[in-house]
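Everything below, folded, please.
(one chain, ligands or ions: 1)
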Amino acid sequence: MNNIFDIIKKRYSVRTYELKPIAKKDTEAITEFLSSITQGPFKNKVQLKLVQTNEDSESELKKYISYGNVKGARSFIAGSVKKGRYAMEDFGYCMEKAVLKATELGLGTVWLGGSLNRGTFAKALALSDDEVIPAITPLGYAADKRSMMDKVIRTLSGGKNRKTFEELFYLGDLSRPLTPSSLGKYETPLEAVRLAPSASNKQPWRIIKEKDQNVFHFYMNEHPTNRVFKDVQMQNNDMGIAMCHFELMANELGLHGTWQTDEPKLDAGNLIYIVSWKSLDN
Ligand SMILES: Cc1cc2nc3c(=O)[nH]c(=O)nc-3n(C[C@H](O)[C@H](O)[C@H](O)COP(=O)(O)O)c2cc1C
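Numbering: from 1, shown residues only. Down below sits the predicted model:
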């Protein structure tokens, strides 16, 4: 993928699709891309697959997704991850890569963690007992006009609203917000995180940078609803999405680093530690 920042800025949740099928060359490009993704940064096995329905009527679509907040979708990217530690982060990371690839190809997506019929997708993925489907996305061309329901959901979830840089990113501890201009090249990878999609637009990512070092600790500001389900935690998907945006953006800028999970001895209040990016460029 090229021009990651442009792709990230272009992406938004598309909930109203044109009925026209996806062009053959785009189908081939996305299929090839999906097959190249086999695991996330924590090495959990991830499977992503294009699921094309031949259904023409909205009622048939109910086999795949419910509630009617998505209109016109005829294709999906479905995915699964092997259950395990950091499985949700790995899935979020991989699925978001696919979402960005689709955006690059001019295709619309919307992460759907709720309102999908997991049984239908389980069959399409030949899901085994040790795997889980955290989310899927429809895939197709965005319709020019949004449906009424689309507008309502976008308003309820806050759509494009994002927290400010200073609310999300800190220096040393939570008492000192990071100022973008102090970051040099790392300003853009953090901005790429800020623009990421998240479940109900809750933006749970908090990052604390170490003083004088390009070491970034990723924390989750967890909402109580994140623990409702045993095998699926949406906000951990969000954390994987943040890792994806940060890493793709950093790499494109020639910044290199590794993901490590040594929890730093920082006072991070109620935040839950997930992972750290340690620069290899120093
Ligand atoms: C893990 C995850 C799960 C989501 N689940 C749903 C969903 O079930 N239904 C829905 O309409 N949107 C869902 N969304 C989309 C978010 O509401 C959307 O990304 C957020 O409001 C920001 O808007 P934007 O994507 O247009 O930037 C989900 C997003 C993520 C990252």
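
Going along the chain, name the strands of the stretch 1-150 of the chain.
46-52, 75-82, 108-109, 131-132, 136-140 (DSSP state E, counting those that start in this stretch).

helices and strands around the second one, which ones?
With contacts defined as 3 or more CB pairs under 8 Å, 6 or more residues apart in numbering; DSSP states H and E, strand 75-82 has these neighbours: strand 46-52, helix 87-104, helix 118-124, strand 131-132, strand 136-140. From N, CA and C alone the C-beta is placed, and that goes for glycine too.

change it to 10 Å
The helices and strands touching strand 75-82, judged by 3 or more CB pairs under 10 Å, 6 or more residues apart in numbering; DSSP states H and E, are helix 24-36, strand 46-52, helix 87-104, helix 118-124, strand 131-132, strand 136-140.

That strand: partners in the sheet, and parallel or antiparallel?
If you go by DSSP bridges, strand 75-82 pairs up with strand 46-52 (antiparallel), strand 131-132 (antiparallel), strand 136-140 (antiparallel).

want to throw those into TSV with mean neighbour count, mean pLDDT and distance to the ligand?
Listed next are these as TSV, based on neighbours: other CB atoms under 10 Å; pLDDT from 0 to 100; distance: least, CB to the nearest ligand atom, whole Å:
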stretch	mean neighbour count	mean pLDDT	distance to the ligand
strand 46-52	20	97	14
strand 131-132	20	98	13
strand 136-140	27	97	9
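
With distance to residue 31 as extra columns, can I get the ones you listed in CSV?
What follows is the strands paired with strand 75-82, written out as CSV (distance: least, CB to CB, whole Å):
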stretch, distance to residue 31
strand 46-52, 5
strand 131-132, 20
strand 136-140, 11
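
Out of those strands, flag the one nearest residue 226.
strand 131-132 (15.1 Å; CB to CB).

Name the surrounding residues that touch that closest one.
Under the contact criterion CB atoms under 10 Å, 6 or more residues apart in numbering, strand 131-132 has outside partners 44-47, 79-84, 87-88, 91, 118, 122, 125, 229-232.

Show the buried residues in those.
44, 46-47, 79-82, 87-88, 91, 118, 122, 125, 232 (16 or more other CB atoms under 10 Å).

Looking at those residues, which one is closest to residue 221?
residue 88 (15.5 Å).

which residue packs closest to that closest one, ignoring adjacent ones?
residue 236 (3.4 Å; CB to CB, 6 or more residues apart in numbering).

now do residue 216
residue 277 (4.5 Å).

list the helices and strands the helix or strand containing that neighbour packs on?
Assigned by DSSP states H and E, residue 277 falls within strand 272-279. Applying 3+ CB pairs under 10 Å, 6+ apart, we find strand 272-279 packed against strand 205-209, strand 215-220, helix 234-252, strand 257-260.

Single out the most deeply packed of these.
helix 234-252 (a mean of 24; mean count of other CB atoms under 10 Å).

Can you pull the residues of this protein lying near the ligand?
Residues of the chain that fall close to the ligand, judged by CB under 6 Å from any ligand atom: 12-13, 69, 110-115, 135, 153, 157, 159-160, 197-201, 234, 237-238, 241.

Which among the residues you listed count as buried?
12-13, 69, 110-113, 135, 153, 157, 197-201, 234, 237-238, 241.

that older thread, residues in contact with the residue nearest to residue 88?
Residue 236 neighbours (CB under 10 Å, 6+ apart): 86-92, 134, 199, 204, 220, 222, 226, 272, 274.

of these, closest to the ligand?
Nearest to the ligand among the contacts of residue 236, counting by CB to the nearest ligand atom, is residue 199 at 3.8 Å.
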